[in-house]
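>>> Here's my sequence, what's the structure:
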Amino acid sequence: MLQEILKQRTAEIDLDVTVQDAETLEEATVRCLLEHEINTPVIGDFELETFYNSNPRSFTTPPLVSAKHILIAADPEDDLERSAQRDIALNLILQLQAGADFSALAMEYSACPSKEQQGSLGQLSKGQTVPEFERQLLRLPLGLAEQPIESRYGYHIVLVEQRVEGELLPFHRVKERIAAQLGQRVWQKSVTQYLQMLVGEATIEGIRLQGAASPLVQ
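Sure, this is the predicted structure:
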């Protein structure tokens, strides 16, 4: 139905269609129609800076964490085994809280090759480990985590040795990224409104289609 509406609109105007690489003629026609018909608002520096100031976390570098861990392996499909292994992890945390040596326990119990380095994972930042482990690790404060971190591999007993907090990137370094992001949002909204307007004005085989009566936001 929408394709028929677009064909009707294309037939009403003198449209110079240029086919780009990997496009079909139909895709090129729709693209050229939208580019011809839609004028998106210009996003100025004020709007860009307002978005930057309202979303500081989006432009802050991830923290850098130096940590050790002990992996108590558990089959992700075996609930009974995972429950038992979690109990082992909790017991080892109690031992560590009572003064047990982390390196010694890592070498004895860990199922990760890092046991050969006394459980050391080195310095980790975003994107360097599996997501479910990373999400929790990067939020941990210094010291021994009170609860094991669960991942697809089992349960991780974690000791954070060093933590360097992320820093807010200056506006000039992210200005182009913000402009592209907001520009895409504005374009998508404008296209949606344009299509709603066409539907509201269209008549197909004598049937009046319901759509938006309001003009595009300029």
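
>>> Looking only at stretch 107-116, what residues are buried by neighbour count?
Buried residues in stretch 107-116, counting neighbours by 16 or more other C-beta atoms under 10 Å, are found at 109-110, 112, 114-115. (Each C-beta comes from the backbone N, C-alpha and C, glycine too.)

>>> swap that for stretch 157-166, please
For stretch 157-166, a neighbour-count test (16+ other C-beta under 10 Å) marks 157-160 as buried.

>>> who's in contact with that stretch?
60-70, 72, 89, 92-93, 96, 102, 105, 119, 123, 137, 140-145, 148-149 (C-beta atoms under 8 Å, 6 or more residues apart in numbering).

>>> could you flag which of those are buried?
63, 65-70, 72, 89, 92-93, 96, 102, 105, 119, 137, 140, 145, 148-149.

>>> Return the subset of those residues lying in strands.
Per DSSP state E, strands hold the following members of the buried ones among the contacts of stretch 157-166: 65-70, 72, 149.

>>> Dump those into CSV; add distance to residue 130 and pLDDT as well.
As requested, these are exported to CSV (distance: C-beta to C-beta, whole Å; pLDDT from 0 to 100):
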residue, distance to residue 130, pLDDT
65, 15, 96
66, 18, 97
67, 14, 97
68, 17, 97
69, 12, 98
70, 16, 98
72, 16, 98
149, 10, 97
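
>>> so which of those comes closest to residue 5?
Nearest to residue 5, judged by C-beta to C-beta, of these is residue 149 at 52.5 Å.

>>> returning to what we had before: I'd like the ones in strands among the buried ones among the contacts of stretch 157-166 written out as JSON lines, with distance to residue 81 added.
Formatted as JSON lines, those follow (distance: C-beta to C-beta, whole Å):
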{"residue": "65", "distance to residue 81": "29"}
{"residue": "66", "distance to residue 81": "31"}
{"residue": "67", "distance to residue 81": "25"}
{"residue": "68", "distance to residue 81": "24"}
{"residue": "69", "distance to residue 81": "19"}
{"residue": "70", "distance to residue 81": "17"}
{"residue": "72", "distance to residue 81": "10"}
{"residue": "149", "distance to residue 81": "17"}
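
>>> what's the most distant pair in those residues?
66 and 72 (21.3 Å).

>>> Correct me if wrong: residue 32 contacts residue 14.
No. Assessed by C-beta atoms under 8 Å, residue 32 is found out of contact with residue 14, at 11.3 Å.

>>> Alright, I will stop here.
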